[in-house]
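Engineer: Sequence and computational prediction follow.
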Amino acid sequence: MEDHSVKSKILQFKGQPRLPKFAVPKSYDLTLTPDLAACTFSGSVEINLTVLERTSVLVLNALELSIHEPCFTDSNGKRYRPCDVVVDGEDEILVLVFDEELGVGGGVLQIKFSGVLNDYMKGFYRGTYLDGGVKKNMANTQFEAVDARRCFPCWDEPALKATFKVVLVVPRELIALSNMPIIKEEPNGNLKTVYFDESPLMSTYLVAFVVGSFDCIEDIAADGTKVCVYCPVGQSHRGRLGLSLALRAVDFFGKYFSMAYPLSKLDMVAVPDFSGGAMENYGLIIYREAELLHDETHSAAYSIQRMAIVVAHEVAHQWFGNLVTMEWWTHLWLNEGFATWISYLAVNDFFPEWNIWSQFLEETEGGLRLDALEESHPIEVDVGHARSVDEIFDAISYLKGSAVIRMLEGYLGEEVFQKSLSSYMKKYAGGNAKTEDLWRVLSEKAAVEVNKMMDTWTKQKGYPLLFVRLEGHTLEFEQSQFLSSGLQGDGQWVVPVCYSAGSYSRCKKFLLETKFGRIEVPELLDSSRENLSSIQDKILGKNDEDIWIKVNVEQAGFYRVKYEDKLASRLRKAIQRKELSAMDKFGILDDTYALCQACEMPFCSLLSLMDAYKEEFDYIVLSRLIDICLGVVRISRDAIPDMVGRLKQFFINLLLGSAEKLGWDPKSGESHLDSLLRGEVLTALATFGHRKTEEEAMKRFQAFRNDASTPLLPPDTRRAAFIVIMRNSNSGDKKGLEDLLNIYRQAESVQEKKRVLGTIASSPDADLVSQVLDLQLSNEIREQDVIYVLNGISLEGRETAWRWLKAHWETVLAKWGPGRGMLLTHFIRDIVIPFSSHQMAHEVEEFFARWPNDSIAMTLKQSIEQVRIKARWVDHIKQESSLQELINELASRGC
């Protein structure tokens with residue numbers, strides 16, 4: 001009878017999305033002793049609780065821990081030992097059942113525990129590093145989203161903030177880091193006990209520790225904050241750029257939010273084994289080495305730019321996410337969307353010459369692409385079991401989230417938006433907030449019902465396509481949900497629309513709140529400076545080529561636009577006359593590609609528009625053009641294989657002008673954007689098999705192989721050369737692969753290693769691709785770095801990669817599967833999405849039906865949907881009768 005009572009008490013907590021609120025934590029005193037040789041750890045925690053209602057059960061989180069000697073002491077000193085202790089691995093909870101009820105009031109829960117320093121790159125885990133050529137163990141943490149419970153028993157929910165006092169017992173020769181400054185160290189033989197200051201209120205997922213061997217460089221920010229960068233021993237010089245960026249970021253965000261950095265120190269540490277790019281732990285940001293270490297001789301312009309964005313993103317989180325934290329994972333986008341958007345704001349302030357807001361369109365495009373799927377999800381997702389939150393760390397939370405924030409800021413105005421965020425930060429500092437709380441503050445400051453507009457963007461998936469036509473004096477708008485599958489969605493949005501006619505001096509904004517909208521065109525025009533009737537004549541078509549209408553100016557809105565034919569024709573002419581901004585040229589091209597993929601426009605229309613970009617030199621436009629060229633080649637292999645060669649020639653012709661202008665060698669004083677563009681253009685020409693590019697690449701690579709310090713192959717052009725080497729390698733001649741692997745093995749720079757890994761699978765030879773994929777299963781490539789290899793698989797290697805994945809799925813699942821972070825999803829995305837046939841979609845579906853796995857379920861559905869979308873596109877392309885003639889004509893130009 002007694003056992004039945006205990007079981008019933010425990011059963012009531014199973015399958016619940018959140019912990020019961022019988023008791024909540026106020027503070028943690030946590031001591032941890034990692035054993036790096038045995039790869040284990042032991043610890044104890046004293047949790048100062050408030051019992052909110054009488055209870056005979058305490059329920060908190062724990063996972064993969066052995067629990068010892070739990071005991072609760074109430075405020076009167078009475079001790080309660082549980083009669084039953086249950087660790088439920090399925091629900092990741094620790095249930096303590098007491099014979100007596102615990103009274104309302106304060107108390108302390110004491111628990112001893114032990115666990116394994118795992119290899120999952122989650123929780124408290126083992127990493128490795130080389131010390132004089134000897135591999136040694138270290139330890140660090142990754143608790144977001146729900147893995148603090150793997151390290152110590154806790155109330156592992158973001159709203160249950162508490163203070164933390166941390167003590168680490170570590171080998172005497174190693175450095176120990178945590179969120180707060182060290183207040184004292186006590187030696188104890190070969191060990192030392194390191195005591196850290198008590199933290200302010202914070203969520204468990206932001207607690208962090210690192211134990212390892214590092215060199216440190218430091219400086220003081222303008223507000224007095226001590227900023228330190230911890231690098232591998234002997235590599236402190238590689239941390240200087242990251243330190244400089246962090247100092248500027250601390251200053252920038254302190255001013256932007258009108259609130260100083262919340263802690264007394266900020267540490268940033270580069271670790272060898274890390275599944276993500278970086279993690280914003282309060283006061284202790286942990287980075288993958290490639291994201292924090294800068295090497296003058298091996299870091300390309302792109303790496304420098306990415307480091308600036310990543311550092312700004314993580315430092316921004318110290319305010320938006322750490323000081324003010326989402327109440328539950330449903331509001332994850334408040335963390336990630338805002339940090340993504342504001343990182344660009346900061347980098348634009350640091351480096352205005354980079355035109356970083358134009359490059360933000362690449363983020364927007366990533367969000368638009370995923371959100372056009374039926375298998376997308378809203379920005380705000382109802383998260384049941386917290387473990388399922390891993391799947392929403394995706395392009396919707398980060399990229400769509402940041403894009404709708406940019407759209408909202410554009411609508412409300414920069415000054416109002418900044419003041420509102422400052423008020424929001426002050427109001428919720430040290431606490432938690434929901435999306436509605438932010439909308440409330442913005443509405444008060446802007447005198448606008450922000451929630452009325454933004455709920456349409458955050459609570460439903462998808463986004464609108466605006467169809468625009470001109471009827472007489474009236475510009476007509478019709479919105480419908482855009483889906484790449486071509487199906488009809490039923491979403492409707494409150495859309496902030498900005499459009500221009502003939503000149504950027506003539507802009508108009510309005511809210512499209514219904515399915516249809518109408519605007520009188522003459523309202524766009526400055527009648528005080530031009531004769532209205534002549535302008536109306538132009539609008540009405542008497543001089544069509546002289547006037548254009550561009551909707552979604554500078555691509556500020558998160559939606560796509562489709563124009564009636566006459567308006568589309570005028571925009572194409574405006575592109576040729578160079579009358580449009582780079583961001584608008586990007587948008588027109590990107591929208592056309594998406595509409596073509598959804599079979600809303602013919603393939604020939606896309607190719608004809610691409611021809612209008614043949615004299616384009618702006619980085620962001622050419623970068624998108626290159627991506628679309630590659631996409632067109634991929635789809636054409638299945639749709640019109642006989643024309644792929646001619647299409648490649650057309651694309652080579654489009655890019656040769658910029659390639660000749662840029663050359664292979666950097667020019668003194670050239671812009672950052674030219675450095676970025678040179679690498680992308682030459683890589684594209686190499687991929688398309690341009691003979692002169694291949695010859696020059698081989699010559700320069702030989703010089704580089706003989707002398708790694710040669711100026712003939714600087715970092716920005718190495719990727720292009722490496723691809724040429726691999727595309728000219730095969731199973732009969734593996735010298736190119738062997739050369740690149742030697743570079744990888746000898747490289748000290750993580751950027752150089754990353755560059756090699758991203759190109760060694762680019763061979764068209766099946767045997768070489770298979771050999772490279774096999775390398776992922778060896779110890780030669782760190783588990784986290786497989787993402788670079790997978791992303792670089794050649795178009796010709798997709799069938800080989802799929803066969804390899806099927807043959808090795810059990811091994812892949814064991815090595816990168818559940819509990820090992822989000823790395824497993826890369827195998828699905830990068831190997832499945834390149835296909836474009838209904839047959840392959842069915843085969844993939846059948847294969848994974850035998851291997852059900854919740855951690856990849858959403859990624860798998862989205863990947864299969866993208867294969868089906870492309871299969872439908874292939875069918876439509878095959879039905880276009882005049883394609884061959886058009887492609888031959890386009891390929892012949894410039895030859």
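Structural biologist: Nice, I can see it.
Engineer: Quick one: mean pLDDT for stretch 569-586?
Structural biologist: Per-residue pLDDT over stretch 569-586 has a mean of 95.
Engineer: now do the same end-to-end measure for it.
Structural biologist: Start and end residues of stretch 569-586 are separated by 16 Å (C-alpha to C-alpha, to the nearest Å).
Engineer: hey, where'd the helices end up in the stretch 651-800 of the chain?
Structural biologist: Along the stretch 651-800 of the chain, the segments classed as helices by DSSP state H, counting those that start in this stretch run 672-687, 691-706, 715-727, 735-746, 750-757, 766-775, 786-791, 798-816.
Engineer: Of all these, which one is nearest Ser199?
Structural biologist: Ranking those by their distance to Ser199 (criterion: C-beta to C-beta) puts helix 750-757 first, at 30.7 Å. In short, each C-beta sits where N, CA and C put it, glycine included.
Engineer: CA atoms of the closest one as CSV?
Structural biologist: This file holds the C-alpha atoms of helix 750-757, laid out as CSV (Å, rounded to 0.1, in the frame of the first residue of the first chain):
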residue,chain,number,x,y,z
VAL,A,750,42.1,26.5,-36.8
GLN,A,751,41.0,28.6,-39.8
GLU,A,752,43.3,26.7,-42.1
LYS,A,753,42.1,23.4,-40.8
LYS,A,754,38.5,24.5,-41.3
ARG,A,755,39.3,25.7,-44.9
VAL,A,756,40.8,22.3,-45.8
LEU,A,757,37.9,20.4,-44.3
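Engineer: the inter-axis angle of it versus helix 766-775?
Structural biologist: 140 degrees (axes from the mean of the first three to the mean of the last three C-alpha atoms, to 10 degrees).
Engineer: what sits up against helix 750-757?
Structural biologist: Residues from elsewhere that reach helix 750-757 (C-beta atoms under 8 Å, 6 or more residues apart in numbering): 289-290, 293, 295, 298-300, 303, 715, 718-719, 722, 740-741, 743-744, 747, 781, 785, 788-789, 792.
Engineer: Of the helices of the stretch 651-800 of the chain, give the one that comes closest to Ala162.
Structural biologist: Across the helices of the stretch 651-800 of the chain, closest to Ala162 is helix 798-816 (C-beta to C-beta), at 33.0 Å.
Engineer: contacting residues around stretch 450-457?
Structural biologist: Residues external to stretch 450-457 that are found in contact with it (C-beta under 8 Å, 6+ apart): 379, 404, 407-408, 411-412, 435-436, 439-440, 442-443, 463, 491-494, 496, 511, 558.
Engineer: starting at the chain centroid, how far to it?
Structural biologist: Relative to its chain's centre, stretch 450-457 lies at 24 Å (C-alpha atoms, centre = their mean, to the nearest Å).
Engineer: Could you do stretch 861-874 as well?
Structural biologist: Relative to the chain's own centre, stretch 861-874 is displaced by 22 Å; criterion: C-alpha atoms, centre = their mean.
Engineer: how near is Met698 to Lys735?
Structural biologist: Between Met698 and Lys735 the computed distance is 12 Å (C-beta to C-beta, to the nearest Å).
Engineer: Comparing these two, which residue is more hemmed in?
Structural biologist: Legend: neighbour count by other C-beta atoms under 10 Å for Met698 and Lys735, higher for Met698 (15 against 10).
Engineer: gap between the residue nearest to that one when sequence neighbours are not counted and Leu682?
Structural biologist: Leaving aside its chain neighbours, Met698 sits nearest to Val724 (6.2 Å; criterion: C-beta to C-beta, 6 or more residues apart in numbering). Distance of Val724 to Leu682, given as C-beta to C-beta: 9 Å.
Engineer: Between these two, which contacts overlap?
Structural biologist: Common contacts of Val724 and Leu682 (C-beta under 8 Å, 6+ apart): 693, 697.
Engineer: Pull out the buried residues from the contacts of stretch 450-457.
Structural biologist: 379, 404, 407-408, 411-412, 435, 439-440, 442-443, 463, 492-494, 496, 558 (16 or more other C-beta atoms under 10 Å).
Engineer: Out of those residues, list just those in helices.
Structural biologist: Among these, the members found in helices (DSSP state H) are 404, 407-408, 411-412, 435, 439-440, 442-443.
Engineer: Show residues contacting stretch 784-799.
Structural biologist: Applying C-beta under 8 Å, 6+ apart, the contact partners of stretch 784-799 are 121, 273-275, 288, 633-634, 637, 726-727, 753-754, 757-766, 769, 772-773, 775-776, 781, 801, 816, 823, 826-827, 830-831, 834-835.
Engineer: In the stretch 101-250 of the chain, where is pLDDT below threshold?
Structural biologist: Counting by pLDDT under 70, the stretch 101-250 of the chain has no low-confidence residues at all.
Engineer: Where do the strands of it begin and end?
Structural biologist: Using DSSP state E, counting those that start in this stretch, the strands found in the stretch 101-250 of the chain span residues 105-116, 123-131, 134-142, 163-171, 175-178, 182-188, 191-196, 209-212, 215-220, 226-231.
Engineer: measure the residue nearest to Leu677 when sequence neighbours are not counted to Tyr302 for me?
Structural biologist: Using C-beta to C-beta, 6+ apart and skipping residues adjacent in sequence, the residue nearest Leu677 is Tyr619, 4.7 Å away. Plainly put, Tyr619 is 11 Å away from Tyr302 if you go by C-beta to C-beta.
Engineer: higher neighbour count, those two?
Structural biologist: Each of Tyr619 and Tyr302 has its neighbours counted (other C-beta under 10 Å); Tyr619 has more, 24 against 17.
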